[in-house]
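A.B. asks: here is my input, please return the structure:
(one chain, ligands or ions: 1)
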Amino acid sequence: MTTLTRLPADYVQNPHEVHDLLRAEGPAREVILPHGLKAWLVTRYDEAKIALTDPRVSKNVQTGGHLMAKHATQTHVRREIEPTLSVHMLNMDPPDHTRLRKLVTKAFTARRIELMRPRVEEIAAELIAKLNDGDEVDLLEAFAFPLPITVICELLGIPIDNRDDFREWSNQLLSFGTPEQVQAAAGAMAGFLFQHVTAIAEAEPNDTFFSALVHADDSGDRLNTEELISMAFLLLVAGHETTVNLIGNAVLALLKNPEQLQILKDRPELIPASTEEFLRLEGPVNVATFRYTKEPLELGGVTVPADEILMVSLIAANRDPQRYENADRLDVTRSAQGHVAFGHGIHFCLGAPLARLEFDVALTRLLARFPNLTLAAEPETLGWRDSTLIRGLHTLPVRLA
Ligand code: HEM
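C.D. replies: Below is the predicted model:
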């Protein structure tokens with residue numbers, strides 16, 4: 001019988017140490033998160049894959065809402081937010097998940113996404129052109145954030161002037177805020193997206209991705225207004241929160257490992273393949289979105305009872321020494337295939353081809369223009385965001401050269 005462990009208050013600052021201890025003890029462990037939610041945390045690679053695919057595990061948000069309340073050890077634990085933002089595929093099991101995902105799959109295939117490369121290159125080039133040798137900037141603010149948010153806003157037909165609002169709302173929604181803060185951000189986001197969806201529905205159809213989705217699709221299936229708002233919300237949040245932090249985490253890892261940086265400077269053609277190693281070692285999603293056990297689930301000898309919240313740490317699975325040799329070491333030449341940074345199973349990241357493209361373009365252009373950039377702060381002083389979902393820095397101060 002395993003015992004309940006309260007994760008340390010600074011868990012998000014040092015998750016890897018905690019994961020190493022838990023992983024050595026067993027594949028899954030009941031824990032209390034720093035903000036008070038009781039859940040089972042999976043830290044081993046093999047069991048992570050099982051937990052992400054077993055049909056006894058659900059992503060249904062209705063069940064989830066009720067379990068969140070049941071397992072909250074403190075009253076301020078956040079509950080499921082704004083219903084208008086919640087009817088999206090990541091909150092559903094088949095067949096609802098299948099239906100919603102099918103409507104957008106075609107727009108996100110690797111082949112379709114590759115057609116966006118010239119535009120992604122252009123956006124990256126414009127951002128880089130605004131930066132100068134000798135500048136000290138927050139690389140997240142100046143480069144890693146505007147690139148993916150511009151791309152996803154263009155896909156959704158959303159004016160880019162609102163991007164700072166999204167960043168603020170989205171930050172609030174993914175952090176351990178108070179219920180009031182979370183509610184206010186959710187309300188603002190839902191209100192904005194409602195207006196956007198309405199405007200697109202009232203406008204003449206055009207051939208952009210989101211207009212096509214709002215007006216109809218090939219098979220005649222259509223999304224209702226709430227589903228459209230939720231879809232836009234999911235794409236907007238999933239489409240930038242993650243890529244921003246993959247770029248930030250990867251640049252930090254390179255600056256801390258100059259010999260690895262040198263390899264990529266000498267051989268930039270290795271950058272596309274090295275994306276997988278950055279995803280493995282420095283993936284921007286710590287714990288995959290919450291799951292719920294419908295029935296007891298056996299994970300490598302540990303039984304998780306029914307009606308429990310299941311948290312699968314992707315960053316822990318990706319550093320499982322049973323799966324990867326020298327798992328904590330950055331090796332840009334290794335084959336990191338099989339990592340679970342994009343999840344696994346039916347909810348595997350829809351945007352993976354886009355994320356890979358953006359990362360490849362971003363890192364290639366950054367290192368080509370500023371090969372001698374350095375950290376403008378001591379690594380220990382950099383803080384990590386207060387979220388179990390997102391593994392990303394608050395800021396990444398660098399000196400460009
Ligand atoms: C799902 C990671 C970029 C759209 C997921 C999941 C992960 C993930 C781990 C599964 C979550 C779970 O099962 O609980 C990442 C990473 C990214 C990235 C690491 C960048 C480095 C993107 C982008 C988009 C996107 C750019 C949008 C265009 C989605 C969607 C889902 C998803 C729609 C839900 C899929 C489903 O439920 O079937 N992502 N993502 N992601 N991602 Fe991404």
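A.B. asks: okay, and the beta partners of Leu299?
C.D. replies: Beta-bridge partners recorded for Leu299 (DSSP bridges): Val302.
A.B. asks: what does the pLDDT read for it?
C.D. replies: Note on Leu299: pLDDT of 97.
A.B. asks: tell me if I'm right that it and Ala28 touch.
C.D. replies: Yes - contact criterion CB atoms under 8 Å: Leu299 and Ala28 qualify, at 4.7 Å. From N, CA and C alone the C-beta is placed, and that goes for glycine too.
A.B. asks: the two: who's more crowded?
C.D. replies: It is Ala28, of Leu299 and Ala28, that has more neighbours when counted by other CB atoms under 10 Å, with 30 against 21.
A.B. asks: that one against Ala39, yeah?
C.D. replies: No - counting by CB under 8 Å, Ala28 stays clear of Ala39, with 10.2 Å between them.
A.B. asks: Arg385 contacts Thr395, correct?
C.D. replies: No - contact criterion CB under 8 Å: Arg385 and Thr395 do not qualify, at 10.3 Å.
A.B. asks: those two - which one has more neighbours?
C.D. replies: Neighbour totals were compared for Arg385 and Thr395, and Arg385 leads with 21 against 15 (other CB under 10 Å).
A.B. asks: list the contacts for the closest residue to that one other than its chain neighbours?
C.D. replies: Nearest residue to Arg385, sequence neighbours excluded (CB to CB, 6 or more residues apart in numbering): Gly392, at 5.1 Å. Listed by CB atoms under 8 Å, 6 or more residues apart in numbering, the contact partners of Gly392 are Leu140, Glu241, Val244, Asn245, Gly248, Asn249, Pro284, Trp384, Arg385.
A.B. asks: neighbours of the third one, just the number please.
C.D. replies: For Val244, the neighbour count with other CB under 10 Å is 26.
A.B. asks: which residues touch it?
C.D. replies: Taking CB under 8 Å, 6+ apart, we find Val244 in contact with Leu140, Ala144, Phe145, Pro148, Ile149, Pro284, Gly392.
A.B. asks: PyMOL command for the buried members of these?
C.D. replies: PyMOL command restricting these to the buried ones, with burial defined by 16 or more other CB atoms under 10 Å:
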select buried, resi 140+144+145+148+149+284+392
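A.B. asks: and for the closest residue to the ligand within the stretch 301-401 of the chain, the neighbour number?
C.D. replies: Per CB to the nearest ligand atom, the residue of the stretch 301-401 of the chain with the smallest distance to the ligand is Gly351, at 2.0 Å. Neighbourhood size, Gly351 [other CB under 10 Å]: 24.
A.B. asks: so who does the spatially most central residue of the chain touch?
C.D. replies: With the centre of the chain defined as its mean C-alpha position, the nearest residue by CA atoms, centre = their mean is Thr242, 3.7 Å away. Applying CB under 8 Å, 6+ apart to Thr242 gives the contacts Pro284, Val285, Gly351, Ala355, Ile390.
A.B. asks: inside helices: which ones of those?
C.D. replies: Among those, DSSP state H puts Ala355 in helices.
A.B. asks: of the contacts of Thr242, closest to Met89?
C.D. replies: Nearest to Met89 among the contacts of Thr242: Gly351, at 12.0 Å, using CB to CB.
A.B. asks: was I right to think the closest one contacts Gly239?
C.D. replies: Yes - using CB under 8 Å, Gly351 is in contact with Gly239, at 5.8 Å.
A.B. asks: re the thing from before, need the contacts of Val244 in CSV (columns: pLDDT).
C.D. replies: Formatted as CSV, the contacts of Val244 follow (pLDDT from 0 to 100):
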residue, pLDDT
Leu140, 97
Ala144, 97
Phe145, 94
Pro148, 96
Ile149, 93
Pro284, 98
Gly392, 97
